[in-house]
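K.L.:
everything below, folded, please.
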Amino acid sequence: MWVRLAVFVCWLVLGGQGQDRASFRRSGDRNGRCQYTFTVDSPVESSCPSSIGGPETENLSVRLKLLEALVSRFLGAEGLTEVAREASDVQETRRLIQDKEQLDRQVQELRRRVEELTMETEKLREKPCPLVQADPTDGFGVMKGSGLVTNGEFQELKAELSELPAPAKVRENVQNNTGCGELVSVGEPETHQKAEGITGKYGMWFQDPMATGRYYGPNTVWRINAVGKDVKELYAYENLEQLSRGFPMKVVVLPEPVESTGATVYRGFLYYQRRQSPTLLRFDLASEKIVARKDLPQAGFHGKYPYSWGGYTDIDLAVDEQGLWAIYSTDKAKGAIVLSQLDPESLEVIRSWETNVRKNKVANAFMICGRLYTVASYSTKTTTVNYTFDTASGKSKMLDVPFHNHYRYSSMIDYNYAKKKLYAWDNFHMVTYDIKLGGF
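P.N.:
So this is what the prediction gives:
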């Protein structure tokens, strides 16, 4: 369009006489620049004079300058404005494309969040709990007991049996075991529930073998997740069915934190060790108050004499047909298991026995009919109940009763004499075992 305009202007400037002899040429020089050349034949001269100048030359020069000014005006003003406008449109288009891409990413993120919230809402609707806010990381549909475990929070050692030279007994046992028998077999584990959150890797669960019935009966199930620095939540379930469904009927917040997996329930009370201390506590489940406390004399605690799997399991409380027991060790016993029978009201030591098996060489222990039993390994799938100590005779012996760690990490094993079962916490799973007792 600009070329045609230039030709039209040239025709106006140079006049009509030479318009049929004028020519226009556009070419590039050696440097690549575009050059415009106008050639006009003289209407009166057949050749150019030798000297440069004269009125005609000056007139032609004036006309050429006028032409250059007109071309520069049209190309330099309107042409450059059009180019600049096109460049501005390109930049604006790029900005719009970038804004669109950013909005698309935000929409995708919002859709993902909506999907997550929808799934979480469905979980909460499936497992409602009016007592505490639900936590999606806990398979029980209730708030986790404590924060995540940190380095050094739990110990881990290898389990194996090692006997020590038998030291003298601390006191004589005057109780007989009439009506009881020796453990002869342990059945296959039956799984009742699985904890999903990290706080449920280790834990405790039990039913009261001698429930008073004031507020909680013999079918009430109690559970504590044991992972964390400040474990205080005690979950109560109406029965095993409600446990398997993950619906607690109550969450009790203990006034003082629990140490490890050695607690037990007996006669309407929770008995447990206070965190990082040898202090035993008696907690009334009905009034939700601590009604007795007592230090276990000379007992090692917080990792001094644990079971082989660690976990600060220095003091393990147990219940059987003869009452309340503490399984622990002392400096005097040099790491061998000390067994003490406790007064369930005052927590005073009634009598004690010193065994010839080192505590950190067995995975766990429990009491049946006044007899201590130990388990060889916490992680081997098929292990054994490998040792027993009889408080009636003060004698011990080796055993070889098969025991199955189905999920390969048993952190708690307790006996319930009313149900005639062992209760265990095996790598997030709450399981029970049927047992069979024989004659002595």
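K.L.:
what pairs with Glu182 across the strands?
P.N.:
In this entry, Glu182 is beta-bridged to Gly438, by DSSP bridges.
K.L.:
quick one: neighbours of it, just the number.
P.N.:
If you count neighbours by other Cβ atoms under 10 Å, Glu182 ends up with 18. All C-beta spots, glycine's among them, are computed from the backbone N, C-alpha and C.
K.L.:
I'd say it and Lys436 touch.
P.N.:
No. At 10.0 Å, Glu182 does not count as touching Lys436 under the criterion of Cβ atoms under 8 Å.
K.L.:
so, low pLDDT: which residues of the chain?
P.N.:
Scanning the chain for pLDDT under 70 picks out the ranges 1-24, 30, 32, 36, 38-58, 68, 70-87, 122-179, 439-440.
K.L.:
report the longest helix in it, please.
P.N.:
helix 80-126 (DSSP state H).
K.L.:
show the backbone phi and psi for Glu238.
P.N.:
Main-chain dihedrals, Glu238, degrees, to the nearest 10: phi -60, psi -40.
K.L.:
how far away is it from Leu437?
P.N.:
30 Å (Cβ to Cβ, to the nearest Å).
K.L.:
what do you get for Gly394?
P.N.:
20 Å.
K.L.:
same check on Asn31?
P.N.:
Look at Asn31 and Leu437: by Cβ to Cβ, they are 110 Å apart.
K.L.:
tell me how many other residues surround Gly217.
P.N.:
For Gly217, the neighbour count with other Cβ under 10 Å is 13.
K.L.:
Three-state assignment for it, please.
P.N.:
coil (DSSP: H, G, I helix; E, B strand; the rest coil).
K.L.:
spit out the contact partners of the closest residue to it other than its chain neighbours.
P.N.:
Of all residues not flanking Gly217 in the chain, Ala211 sits nearest, at 5.3 Å (Cβ to Cβ, 6 or more residues apart in numbering). By Cβ atoms under 8 Å, 6 or more residues apart in numbering, the contact set of Ala211 is 217-218, 220, 267-268.
K.L.:
what's the closest of those to Gln102?
P.N.:
Nearest to Gln102 among the contacts of Ala211 is Thr220, at 56.5 Å by Cβ to Cβ.
K.L.:
and the closest residue in space to that closest one that isn't next to it in sequence, how many neighbours?
P.N.:
The shortest distance from Thr220 to any non-neighbouring residue, by Cβ to Cβ, 6+ apart, is to Ala236 (6.0 Å). Using other Cβ under 10 Å as the criterion, Ala236 is surrounded by 18 other residues.
K.L.:
so Ser346 makes contact with Arg293?
P.N.:
No. With contact defined as Cβ under 8 Å, Ser346 does not count as touching Arg293 (10.0 Å).
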